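*Asks:* Could you look at this predicted model? Sequence included:
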Amino acid sequence: MFFALLFSACGPLKEVIITPETEEVHVSRILSAMKANEASFEFFSARFSGDVSFDNSTYSISGIIRIRKDSAIFVSLSPIMGIEMARALITPDDVKIINRLEGTYFEGDMDYVNNMLGTELDFYMLQALLVGNDFSHLSSENFSVKPETNRLLLQNPQRYPATSRANNQFFQQNLLLDNQSYKITENTLYDPLTRRSIRTRYSAFYQVTGQLMPSRLSVIFTEPGAQAELNIRYNRTSIDNPQPITFSVPERYRPVDGNH
């Protein structure tokens, strides 16, 4: 038995073929890991403070943000240690804004927000950017991946809404991921039609009910001839602890159009 085993072991070696992970599988695995580590919530709330810069001026801001997933984004804006200046309620269908300083209100849609910020966002994209997630309603085709130092670069030259490509509108997108947590550290969108871009950086994270949530984010809005920047820090972040989302327009307030 011993010699039989010995002779058997000394026989011709079988070729072992190792199939490398294909690019498609590699990208799919990374996208799945990113999705698994995204912020998961039904209700998000946080206080924020920071600054916003445009027209060569910088202004300090603070306030409250509350998100009811896929339903509503509520923002209350005030100067540092001050009373409320404005509040906004954004839903997938409409936008409502109260300006308490001027006693005015606006009712419209996301076109107003996009004209103000120089962007091409919808409600779901705005929601995702605020919590550091990717855009789940856009297609996951056409991604490629490149490793960088401690990071992974995901690139997509044509990212469409997953439900329709009828209008031929698409974004060019770069995503930088931490190669340990698979959290997005930078998300850059470019619209070649309007030449508008948004670059969102997430520079710090902290644990909230067992999840890694961004605590610092900066957003640079760029369009031909103009640029604005928003830098905020979240604190007192809460997950799935519903807070009131109230919005009513005082009778004495006067309406304004989107160009006011």
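*Replies:* Nice, I can see it.
*Asks:* and E141, how many residues sit next to it?
*Replies:* 11 (other Cβ atoms under 10 Å). Heads up, the C-betas are built off the backbone N, CA and C, glycines and all.
*Asks:* quick one: pLDDT of it?
*Replies:* In this model, E141 is scored at 87, pLDDT.
*Asks:* do the same with M81
*Replies:* You'll see M81 listed with a pLDDT of 62.
*Asks:* does the nearest residue to L31 once chain neighbours are set aside belong to a helix or a strand, and which?
*Replies:* Nearest non-adjacent residue to L31, counting by Cβ to Cβ, 6 or more residues apart in numbering: S140, 5.9 Å away. Counting by DSSP states H and E, there is no helix or strand that carries S140.
*Asks:* Quickly list what S76 is bridged to.
*Replies:* I64, R87 (DSSP bridges).
*Asks:* how close does it sit to R195?
*Replies:* 33 Å (Cβ to Cβ, to the nearest Å).
*Asks:* which residues are contacting the one helix or strand V113 maps to?
*Replies:* Counting by DSSP H and E, the element that carries V113 is helix 110-117. Contact with helix 110-117 is made by 90, 95, 97, 106, 119-123, 126, 221, 228, 258, as judged by Cβ atoms under 8 Å, 6 or more residues apart in numbering.
*Asks:* tell me how far that helix is from the chain's mean position?
*Replies:* Using Cα atoms, centre = their mean, to the nearest Å, the mean C-alpha position of helix 110-117 is found 17 Å from that of the whole chain.
*Asks:* Stretch 196-211 now?
*Replies:* 8 Å.
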